[in-house]
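Engineer: Mind folding the following:
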Amino acid sequence: MQKQSIGQTNDEFNSKFIRFLLLADYFAELKKGSRNWLLHTRYVRGEHAMCMELVDVLQKETNHTHRYAYFIMGAVLADAGRLQEAVDKFHSCIRLQPQDPEPLKQVAKCLYRQGRFQLALEAYLEADKLSKHPDPEIYCALAECACHVMGPGGSGVEWARAAQGAGGGERAAALLARLLLAAGDVPSALAAYDHALATHACGADTLAAAGALSLRAGDPRRAFQLLGEALSQQPTQHAAALALAAMLLQHKDVDAALARLKAALSAHPTCVAGHSNLGLALLMKKKFVAALTCLSRAANLAPLSARAAHNLGLALLASRRAASAFCRLACAAALHPTRSHTVLLIGIALERLGDGRADAAYNRAVELSPTDPLVRLNLAGRHARVGRLADALKETRVVAQLLEQAPDAQLSSSLATLINALSQADPKLQDQFSGNKGDEDKEDFQGPETLQPDEV
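Structural biologist: Residues are numbered from 1 along each chain as shown. Got it, this is the predicted structure:
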């Protein structure tokens, strides 16, 4: 009896000890899992140093098998720009659980940030295979990768449509519109933006992009409405402020445009377009020193921008600094050789400097844009100023034909001024020009008695 009781006691002790070990393992696992929320909270708060300390503790406790710790470590390294190390940590997650698509998506994001778009595309395709449900985030990323690998349009647009159909919301709709615009399909891009605005509560960036595209498509009323909504949501949205300022400048409302541009630059002080447009607005108000300051800042911020150099050269030319203007315009022409207006301004600068190469610059501008009435009108003025009246008369006829196809009140007034000056220089020329014109047309070409150099 005593032996039996002793045996029973040992069995009970062993069973209790096993239960204790199982409970210890259970609480240990519970303890390991319970700190995932703390790891996530520290990462979201940006407490990366404390986050990495907790990661080390969890990895030591689990003998480097804590999958979520690897995931957070990779996210922290990716935020710090250490992309290749982050990829290694995410690969550790994949080895621990190969069927989880989230680490593979993070690997693809790191590859995309490294500029390895083909590998990123393949990683996203593999993540799409592992995903159990249609993931609009993966489809949007596939569209962006396909755009980089295969160019705009094609499969990128198809992936964007798939993301929109999978419930991608505003991001998918805006991405589809951007890809269509990059492919040159402006009507479809406008339709995509309209669909996005009608079905989603879009943010300021999407509203600004839609407004800028509407302005480009020739719908200023719609553009003004969308840009106003974007600025009401986010007053510092610089893209909307720049587009609205451009509209105000077209309508000669310089003061309102200046207010918008200053607001945009207060939010983004290094915006090249903002400084350039502000300089042009100040130039319209005849504030030459302030305009040159803004345009010089734009040129310094973007030394390889042909547009910034062109605008600075224009301001220097308006300030009667022809030599400095020629240097800036020459830089702009070197960066963008086929821009006719830059070559035209070079011709004007050379003419003011008394350089004989001015005629070559004028002729080159005409070769680049033979149907531009502004360029042809300036060439006619050049012929008139150097005494080539017959050539000037020939150019005025070409300009008159171009203005019949695309009327412009300001150019028509300048053409009338030039013809009046030519008729005063040689009355016979007025008879030659009016050979195919009636009396009513003759009255339209009345202007000042004299033509100042470079007035056209």
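
Engineer: surely residue 59 meets residue 68?
Structural biologist: No: taking contacts as CB atoms under 8 Å, residue 59 lies outside contact range of residue 68: 10.7 Å. C-beta coordinates here come from the backbone N, C-alpha and C atoms, glycine included.

Engineer: Return the set of buried residues in the helix or strand residue 291 falls within.
Structural biologist: Using DSSP states H and E, residue 291 sits in helix 288-301. Burial within helix 288-301, assessed by neighbour count using 16 or more other CB atoms under 10 Å, is assigned to 288, 291-299, 301.

Engineer: That helix: how far from the chain's middle?
Structural biologist: With CA atoms, centre = their mean, to the nearest Å as the basis, helix 288-301 stands 22 Å off its chain's centre.

Engineer: what's that helix packed up against?
Structural biologist: Judged by 3 or more CB pairs under 8 Å, 6 or more residues apart in numbering; DSSP states H and E, the packing partners of helix 288-301 are helix 272-284, helix 306-318.

Engineer: could you redo these as TSV and give each row mean pLDDT, distance to residue 193 and mean neighbour count?
Structural biologist: Output for these, formatted as TSV (pLDDT from 0 to 100; distance: least, CB to CB, whole Å; neighbours: other CB atoms under 10 Å):
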stretch	mean pLDDT	distance to residue 193	mean neighbour count
helix 272-284	88	21	23
helix 306-318	91	26	23
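
Engineer: closest one to residue 415 among those?
Structural biologist: Smallest distance to residue 415 across the helices and strands packed on helix 288-301 (CB to CB): 21.6 Å, for helix 306-318.

Engineer: Return the list of helices and strands in contact with that closest one.
Structural biologist: Short answer (3+ CB pairs under 8 Å, 6+ apart): helix 306-318 packs on helix 272-284, helix 288-301, helix 322-335, helix 340-352.

Engineer: what's next to the third one, contact-wise?
Structural biologist: So the one you mean is helix 322-335. Here helix 322-335 makes contact (CB atoms under 8 Å, 6 or more residues apart in numbering) with 299, 304-307, 309-310, 312-314, 316-317, 339, 342-343, 345-346, 349-350, 352-353.

Engineer: Apply 7 Å and report the result again.
Structural biologist: With CB atoms under 7 Å, 6 or more residues apart in numbering as the test, helix 322-335 has contacts from 304, 306, 309-310, 312-313, 316-317, 342-343, 345-346, 349-350, 352-353.

Engineer: which parts of that helix are buried?
Structural biologist: 322, 324-326, 328-329, 331-333, 335.

Engineer: contacting residues around the residue nearest the centre of the chain?
Structural biologist: Here the mean C-alpha position of the chain is nearest to the C-alpha of residue 239 (CA atoms, centre = their mean), at a distance of 8.5 Å. By CB under 7 Å, 6+ apart, the residues touching residue 239 are 208, 212.

Engineer: helix or strand for it, which one?
Structural biologist: Residue 239 belongs to helix 238-250 when assigned by DSSP H and E.

Engineer: who touches both of residue 59 and residue 68?
Structural biologist: Common neighbours of residue 59 and residue 68 are not found (criterion: CB under 7 Å, 6+ apart).

Engineer: Run through the stretch 51-200 of the chain and note the low-pLDDT ranges.
Structural biologist: Where the stretch 51-200 of the chain drops to pLDDT under 70, the residues are 153.

Engineer: repeat that with 90
Structural biologist: Filtered on pLDDT under 90, the stretch 51-200 of the chain yields the residue ranges 51-106, 108, 111-118, 120-200.

Engineer: just the helices in the stretch 351-456 of the chain please.
Structural biologist: In the stretch 351-456 of the chain, the helices defined using DSSP state H, counting those that start in this stretch lie at 358-368, 373-385, 389-405, 409-425, 427-433, 439-444.

Engineer: Closest one of the buried residues of helix 322-335 to residue 418?
Structural biologist: Checking those one by one against residue 418 (CB to CB), the nearest turns out to be residue 322, at 21.8 Å.

Engineer: And the residue nearest to that closest one when sequence neighbours are not counted, how close does it get to residue 326?
Structural biologist: Excluding the flanking residues, the one nearest residue 322 by CB to CB, 6 or more residues apart in numbering is residue 352, at 4.0 Å. Plainly put, residue 352 is 9 Å away from residue 326 if you go by CB to CB, to the nearest Å.

Engineer: cool, residue 53 as well?
Structural biologist: In terms of CB to CB, residue 53 sits 62 Å off from residue 326.

Engineer: go on, residue 389?
Structural biologist: Counting by CB to CB, the gap from residue 389 to residue 326 is 27 Å.

Engineer: residue ranges of the helices in the stretch 51-200 of the chain, please?
Structural biologist: Along the stretch 51-200 of the chain, the segments classed as helices by DSSP H, counting those that start in this stretch run 67-79, 83-96, 101-113, 117-130, 136-150, 155-165, 169-182, 186-199.

Engineer: follow-up on the earlier one: between the helix holding residue 239 and helix 272-284, how many degrees?
Structural biologist: 20 degrees (axes from the mean of the first three to the mean of the last three CA atoms, to 10 degrees).

Engineer: Can you dump the C-alpha atoms of helix 238-250 in CSV for me?
Structural biologist: Extracted in CSV, the C-alpha atoms of helix 238-250 (Å, rounded to 0.1, in the frame of the first residue of the first chain):
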residue,chain,number,x,y,z
HIS,A,238,1.3,75.4,-54.6
ALA,A,239,0.2,73.7,-57.8
ALA,A,240,-3.3,75.2,-57.5
ALA,A,241,-1.9,78.6,-56.5
LEU,A,242,0.4,78.6,-59.5
ALA,A,243,-2.3,77.6,-62.0
LEU,A,244,-4.8,80.2,-60.5
ALA,A,245,-2.1,82.9,-60.6
ALA,A,246,-1.5,82.1,-64.3
MET,A,247,-5.2,82.5,-65.0
LEU,A,248,-5.2,85.9,-63.2
LEU,A,249,-2.2,87.1,-65.1
GLN,A,250,-3.9,86.3,-68.4
